[in-house]
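Peer 1: Give me a model of this one.
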Amino acid sequence: MEWLYYKLYVLLLIELVHKYPTHFKALYLLQTDLHSTQFWQNLAPQLSINKYFQTTNPITISPEVMEEISRSMEQDSYLLLSSLIDKSETDAIRDCIFSLTDIGLPPVFVYIYDQPWALFERLRPIIELFLGNRFSLLPNFWAWHIPPIKGASGWPAHTDCSAQTRFESADGGTTFMSMSFWIPLTDATIENGCMAILPKSREILYNAPITDPNQIIPQDAINLPAKSGSVIGWSQDLYHWSRHVTTNLVTPRVSSSLEFQNPAFTPLIRPLLNIAHPPLFKERLALIFSQFEKYKDMEPVNFQKNQQYF
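Peer 2: So this is what the prediction gives:
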């Protein structure tokens with residue numbers, strides 16, 4: 001993995017030099033600091049690197065709530081659990097993303113630290129419910145900071161996987177191949193760009209499969225405002241998107257996401273990871289660089305300070 005890290009490191013540096021030949025801050029960060037754990041520790045001393053949680057406590061969810069989210073996934077391919085994670089856990093990660101954007105680095109660099117991985121590890125009981133107890137972590141992840149500027153937004157309508165990811169099982173239920181989980185680190189509201197989805201129960205009423213997000217009828221969409229620390233999950237063939245910010249007088253929408261797969265299916269992408277033992281520093285950095293190419297059509301990377309990431 002070390003060779004991949006340096007290859008991506010050099011390619012990204014060349015791209016930045018080509019695009020921003022006078023932007024010395026970006027070049028300084030790439031040439032001097034990003035490979036240094038000390039740089040990252042100084043940036044977010046409240047978080048740790050390579051000191052991964054050994055005693056992470058899985059969240060506790062009542063059987064009644066488990067049944068409720070199972071019905072929601074069965075009917076509409078999404079779940080929403082409000083205020084599931086305490087602010088003491090989410091605020092430190094949120095503050096790190098604020099620090100990253102302040103110096104012009106994309107929020108996805110928050111995955112350099114242990115705590116974002118630990119946050120999703122706590123969701124194990126939910127993930128196991130839908131993907132089995134040997135589920136894998138896909139090497140796909142992102143984090144967002146949508147600025148409080150009217151008209152700003154996150155990503156447009158899309159699915160996380162172009163293939164079908166939910167199937168009817170032999171017992172008449174539903175088997176899920178893969179799921180995405182998304183955690184707002186600030187309150188996600190209709191005003192600051194909360195998530196919106198097209199529920200499966202409405203999508204199946206369309207005369208033909210959707211091949212273009214523009215085919216989605218706006219009245220069929222559901223907005224999903226969510227308090228900080230809530231959890232939204234969905235099957236990866238579900239259409240979802242960010243609403244636009246409607247006013248300048250709001251808190252930035254900050255959030256993070258990871259993706260998981262049922263081991264009964266052929267891996268969607270390699271390498272498959274283990275959320276209980278996430279990559280160490282150098283591999284994390286290489287994986288972060290790989291996200292830029294993967295999601296360049298959704299969010300082109302620009303290291304310039306105060307750039308709006310959308």
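Peer 1: From now on I want contacts and neighbour counts done on CA atoms only, so please keep to that.
Peer 2: Will do.
Peer 1: Would you mind measuring from N223 to T159?
Peer 2: Going from N223 to T159 by C-alpha to C-alpha, to the nearest Å gives 16 Å.
Peer 1: And M66, how far from P125?
Peer 2: For M66 relative to P125 (C-alpha to C-alpha), the value is 9 Å.
Peer 1: what's the helix or strand for E259?
Peer 2: strand 253-261 (DSSP states H and E).
Peer 1: And the strands in the stretch 151-300 of the chain, which stretches?
Peer 2: Counting by DSSP state E, counting those that start in this stretch, the stretch 151-300 of the chain has strands at residues 166-168, 174-176, 178-184, 195-197, 222-224, 231-235, 240-242, 253-261.
Peer 1: Figure out which of those is closest to R134.
Peer 2: strand 253-261 (9.2 Å; C-alpha to C-alpha).
Peer 1: so what strands line up beside the closest one?
Peer 2: strand 136-146 (antiparallel), strand 178-184 (antiparallel) (DSSP bridges).
Peer 1: and stretch 89-105, which residues are buried?
Peer 2: For stretch 89-105, the neighbour count (16 or more other C-alpha atoms under 10 Å) marks 90, 92-94, 96-101, 103-105 as buried.
Peer 1: hmm, I was thinking of stretch 63-78
Peer 2: I69, S70, S72, M73, E74, D76, S77, Y78.
Peer 1: same deal with stretch 118-136?
Peer 2: Using 16+ other C-alpha under 10 Å as the test for burial, stretch 118-136 gives 118-127, 130-132, 135-136.
Peer 1: what's near enough to touch the nearest residue to F176 once chain neighbours are set aside?
Peer 2: Distances taken as C-alpha to C-alpha, 6 or more residues apart in numbering put R166 closest to F176, at 4.5 Å, once the chain neighbours are dropped. R166 makes contact with T174, T175, F176, M177, S178, S235, D237, according to C-alpha atoms under 8 Å, 6 or more residues apart in numbering.
Peer 1: pLDDT value on R166, please?
Peer 2: R166 is assigned a pLDDT of 97 by the prediction.
Peer 1: which stretches of this protein have low pLDDT?
Peer 2: Within the chain, the ranges that satisfy pLDDT under 70 run 1-32, 52-55, 302-310.
Peer 1: First-to-last residue distance for stretch 187-204?
Peer 2: End-to-end span of stretch 187-204 (C-alpha to C-alpha): 31 Å.
Peer 1: Name the residues of it that come out as buried.
Peer 2: Quick answer for stretch 187-204 (16+ other C-alpha under 10 Å): 187-200, 203.
Peer 1: who touches that stretch?
Peer 2: 75-78, 146, 148, 152-154, 216, 220-228, 238-247, 250-254.
Peer 1: are any of the residues you listed buried, and which?
Peer 2: For these, buried by 16+ other C-alpha under 10 Å: 76-78, 146, 148, 152-154, 216, 221, 223-228, 238-246, 250-254.
Peer 1: Please, where are all the helices along this structure?
Peer 2: For the chain, the helices defined by DSSP state H cover 2-19, 24-28, 37-43, 63-76, 87-102, 114-121, 124-131, 200-203, 281-294.
Peer 1: Figure out how far the fourth one is from the centre of its chain.
Peer 2: With C-alpha atoms, centre = their mean, to the nearest Å as the basis, the distance from the averaged C-alpha position of helix 63-76 to the chain average is 22 Å.
Peer 1: got the CA positions of it in CSV?
Peer 2: Extracted C-alpha coordinates of helix 63-76, given in CSV (Å, rounded to 0.1, in the frame of the first residue of the first chain):
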residue,chain,number,x,y,z
PRO,A,63,-36.3,-4.7,19.7
GLU,A,64,-39.2,-2.3,18.9
VAL,A,65,-36.9,0.1,17.2
MET,A,66,-35.1,-2.6,15.3
GLU,A,67,-38.5,-3.9,14.1
GLU,A,68,-39.4,-0.3,13.0
ILE,A,69,-36.3,0.2,11.0
SER,A,70,-36.6,-3.2,9.4
ARG,A,71,-40.1,-2.3,8.2
SER,A,72,-38.8,1.0,6.8
MET,A,73,-35.9,-0.8,4.9
GLU,A,74,-38.3,-3.4,3.7
GLN,A,75,-40.8,-0.9,2.4
ASP,A,76,-38.7,2.1,1.4
